[in-house]
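In: Here's my sequence, what's the structure:
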Amino acid sequence: MARLSPQSRRYAMPQTILSPVQHELLIKKSRFIACVQPMTDRAAAQKIVAQLWAQHPQAAHVCWALLAGGQSAAVDDGEPSGTAGRPMLDVLRHQDLEGVLATVVRYFGGVKLGAGGLVRAYTDSVAQALLKAEKIAMIRQRQLICTAPYALEGLIRREFDSAGATLDHVSHGDEVRFEASLPATDAEGLIARLNEAGHGRITWRDPELA
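Out: Just a heads-up that it's a prediction; the model follows:
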């Protein structure tokens, strides 16, 4: 799970983009129509590529690159190997992006560009589109689950609130059970503060097993 924050924190974490942005280049009569957009996974990316083919049935190639949720792709779509998808993917990686799909629709203009020319064309198309994109940092979230005596409920609620955590669920049984999420970078500090304030009476549970 990830939450977005203002661009001011981008130095500390990967970035994504807010909305799709297009840029078009004309190189030796070939049109390169680039688009960069937020993307969740490979399956969603492939749907976008299929839509582009439907919108541009006369295009020579629809090349694309993806970085999303640990999935990556670099598709040349008939261009010489390594001249399209890989350079596009390199641009995304160089800018430390995550959750982004880059596509380039090419209409062949009759003049071959050569391998070097193709690499430059696909690289420049994506890079120029990204210049116009609004980038925002992605904050990794961590889930915390703990149980504690009723006497500590107020303390735990105040500490969670002070840390900017989101209380996802609170249940009352023999003890109070809290399920919360907050930026992963803040989790250890919160746990340490609560352990000290609770004098060892707070039990933390593994979200994978809880």
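
In: Quick check, I27 in contact with G114.
Out: No: under the contact definition of Cβ atoms under 8 Å, I27 does not touch G114, with a separation of 11.5 Å. For glycine as for every other residue, the C-beta is placed from the backbone atoms N, C-alpha and C.

In: For those two, indicate the residue with more neighbours.
Out: Each of I27 and G114 had its neighbours counted (other Cβ atoms under 10 Å), and the higher figure belongs to I27 (17 against 10).

In: Could I get the contacting residues of that one?
Out: G109, L113, G117, A121 (Cβ atoms under 8 Å, 6 or more residues apart in numbering).

In: For it, grab phi and psi.
Out: Recorded main-chain torsions at I27 are phi -130, psi 110, according to degrees, to the nearest 10.

In: Can you name the residues bridging to it?
Out: Here I27 shows beta-bridge partners S30, assigned using DSSP bridges.

In: how about the contacts of I27, which pair is most distant?
Out: Distances among the contacts of I27 were taken as Cβ to Cβ; the most separated pair is G109 and G117, at 11.9 Å.

In: quick one, helices of this protein?
Out: If DSSP state H is used as the criterion, the helices of the chain fall at 42-55, 85-94, 114-132, 153-162, 184-198.

In: Next, count neighbours for Q51.
Out: For Q51, the count of nearby residues is 12 (other Cβ under 10 Å).

In: Can you tell me how far it is from P57?
Out: The spacing between Q51 and P57, counted by Cβ to Cβ, to the nearest Å, is 12 Å.

In: Show me what the top strand by length along the chain is packed up against.
Out: In the chain, assigned by DSSP state E, the strand with the most residues is strand 135-148. When contacts are defined as 3 or more Cβ pairs under 8 Å, 6 or more residues apart in numbering; DSSP states H and E, strand 135-148 packs onto strand 2-5, strand 15-17, strand 176-183, helix 184-198, strand 203-205.

In: Just want the angle from that strand to helix 184-198.
Out: Taking axes from the mean of the first three to the mean of the last three Cα atoms, to 10 degrees, one finds that strand 135-148 is oriented at 20 degrees with respect to helix 184-198.

In: Tell me which strands strand 135-148 pairs with, and in which orientation.
Out: Using DSSP bridges, the strands paired with strand 135-148 in its sheet are strand 2-5 (antiparallel), strand 15-17 (antiparallel), strand 176-183 (antiparallel), strand 203-205 (antiparallel).

In: coming back round to it: want to try JSON lines for the helices and strands packed on strand 135-148, with mean neighbour count as columns?
Out: What follows is those, written out as JSON lines (neighbours: other Cβ atoms under 10 Å):
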{"stretch": "strand 2-5", "mean neighbour count": "15"}
{"stretch": "strand 15-17", "mean neighbour count": "21"}
{"stretch": "strand 176-183", "mean neighbour count": "20"}
{"stretch": "helix 184-198", "mean neighbour count": "15"}
{"stretch": "strand 203-205", "mean neighbour count": "13"}
